[in-house]
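Student: sequence plus predicted model, see below.
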Amino acid sequence: MEVILKQDVAKLGSKDDIVKVRNGYAANYLIPQGYATLATESARKVHAENLRQRAHKEAKIKADAQALAAKMEGLSLTLGAKASSTGKIFGSINTLQIAEALEAKGYVIERRHITIAENQIKELGRYSAEIKLHRDVKVKIDFEVAVE
């Protein structure tokens, strides 16, 4: 079954994508939750017209995201954490702390757009994270977890 996504769905697609999913996933989850609509012939025509009208706005948004990515390229953050003498930190570092550190530097990024390569960061050291500024624009930043 093909559906038109109304908003970004993790590991499936971005807003306005037409994706093929299993019938049960569409009928029992995506459509009732308001994440998607059926991709009927009339819905596809309306969707195509909406995309045409938004194309120039989308180009400006993408250009702004690319400019922000160029400014963020090579950015390095230092996150403080309480740690033991062996280098293990108490708790873990997550996307919220990275978003707060970016905000302190002047970049307002939602935490759901930040992906850390490692599952959990529980030791001092250098790590990297990927920030999704636009569906086509991603930037990789390095950060260091140091003793607070």
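Tutor: Cool, the structure landed.
Student: just so I have it, where are all the helices in the chain?
Tutor: Along the chain, the segments classed as helices by DSSP state H run 23-25, 41-72, 95-105.
Student: and the residue nearest the centre of the chain?
Tutor: The residue lying closest to the centre of the chain (CA atoms, centre = their mean) is His113, at 2.6 Å.
Student: shouldn't that one be in contact with Leu133?
Tutor: Yes: between His113 and Leu133 there is a contact at 7.2 Å, judged by CB atoms under 8 Å. Yep, even glycine has a C-beta here, placed from its N, CA and C like the rest.
Student: pLDDT score assigned to the residue of the chain most remote from its centre?
Tutor: Seen from the C-alpha centroid of the chain, the residue lying at the greatest distance (CA atoms, centre = their mean) is Ser85, 34.5 Å away. What the model reports as pLDDT for Ser85 is 87.
Student: for it, what are its contacts?
Tutor: Listed by CB atoms under 8 Å, 6 or more residues apart in numbering, the contact set of Ser85 is empty.
Student: and with 10 Å instead?
Tutor: Val147 (CB atoms under 10 Å, 6 or more residues apart in numbering).
Student: same deal with Arg44?
Tutor: Glu2, Ile4, Ile18, Leu38.
Student: and the residues you listed, which two are the farthest apart?
Tutor: Using CB to CB, the two most remote members of the contacts of Arg44 are Ile18 and Leu38, lying 10.7 Å apart.
Student: need the residues touching each of these two.
Tutor: In contact with both Ile18 and Leu38: Glu2, Val3, Ile4, Arg44, using CB under 10 Å, 6+ apart.
Student: thought the third one was touching Lys20?
Tutor: No: with contact defined as CB atoms under 10 Å, Ile4 and Lys20 do not form a contacting pair (11.4 Å).
Student: which of these two has more residues huddled nearby?
Tutor: Ile4 (21 against 9; other CB atoms under 10 Å).
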